[in-house]
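J.: Just to be clear, the model below is a prediction. Sequence and coordinates:
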Amino acid sequence: MEPFSANLKRRAEQLGISNAEVARRTGLSDRRYGNYVSGAREPDLATLVRIATILGSSVDELLGLGNEERVRSADEVFQERISAALKALHQEDLARLVVMIEALAKANGTFGSR
């Protein structure tokens, strides 16, 4: 399961989140998730699917079963990081975030000009 543990680490790093944050978002204890990252244990299928969802990845990609890793542009990586962070927010926080993003877009002159 060594490729799996390496892929967990790599994907979390790409998203800019810690192992502890991945564990929190998936509802796992730090210790349990740490066992997956270290290769000491393997998750059951349901847990594997939850982890893949949180990391915005496929199960095959995490297991190293897919084709070679696709090279992502800087924009794609930013969008993946944003998407992963959005999944961790509550509705009230999302509402605040929309207001902030719209204000930033207006300040840059790129919002509401249609």
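T.: Received the coordinates, thanks. Every value quoted in this text rests on a predicted model; they were computed, and no experiment measured them. Numbers count the residues shown, from 1 in each chain.
J.: from here on, contacts and neighbour counts on C-alpha atoms
T.: Noted.
J.: Give the buried residues for stretch 22-31.
T.: 22, 23, 25, 26, 28 (16 or more other C-alpha atoms under 10 Å).
J.: cool, stretch 46-58 as well?
T.: Neighbour count says stretch 46-58 has 48, 49, 50, 51, 52, 54, 55, 56, 58 buried, by 16+ other C-alpha under 10 Å.
J.: any residues touching it, and which ones?
T.: By C-alpha atoms under 8 Å, 6 or more residues apart in numbering, the surrounding residues in contact with stretch 46-58 are 11, 12, 15, 22, 25, 26, 59, 62, 80, 83, 84, 87.
J.: hmm, 7 Å instead?
T.: 11, 12, 25, 26, 59, 84 (C-alpha atoms under 7 Å, 6 or more residues apart in numbering).
J.: Quick check: closest non-adjacent residue to the first one.
T.: Nearest non-adjacent residue to residue 11, counting by C-alpha to C-alpha, 6 or more residues apart in numbering: residue 55, 6.7 Å away.
J.: related to what we said a few turns ago, may I ask which two of the contacts of stretch 46-58 are separated the most?
T.: Distance extremes for the contacts of stretch 46-58: the farthest pair is 25 and 59 at 16.8 Å, using C-alpha to C-alpha.
J.: Next SSE downstream of the helix or strand of the chain at the bottom of the mean pLDDT ranking?
T.: The helix or strand of the chain with the poorest confidence is helix 74-87; it has a mean of 82 (mean pLDDT, DSSP states H and E). Following helix 74-87 in sequence order, the next helix or strand is helix 91-107 (DSSP states H and E).
J.: what angle separates that next one from helix 74-87?
T.: Counting by axes from the mean of the first three to the mean of the last three C-alpha atoms, to 10 degrees, helix 91-107 points 150 degrees away from the direction of helix 74-87.
J.: mind checking how far helix 91-107 is from the chain centre?
T.: 21 Å (C-alpha atoms, centre = their mean, to the nearest Å).
J.: which residues are in contact with it?
T.: Residues contacting helix 91-107 (C-alpha under 7 Å, 6+ apart): residue 111.
J.: for that helix, what is the average pLDDT?
T.: The average pLDDT within helix 91-107 is 90.
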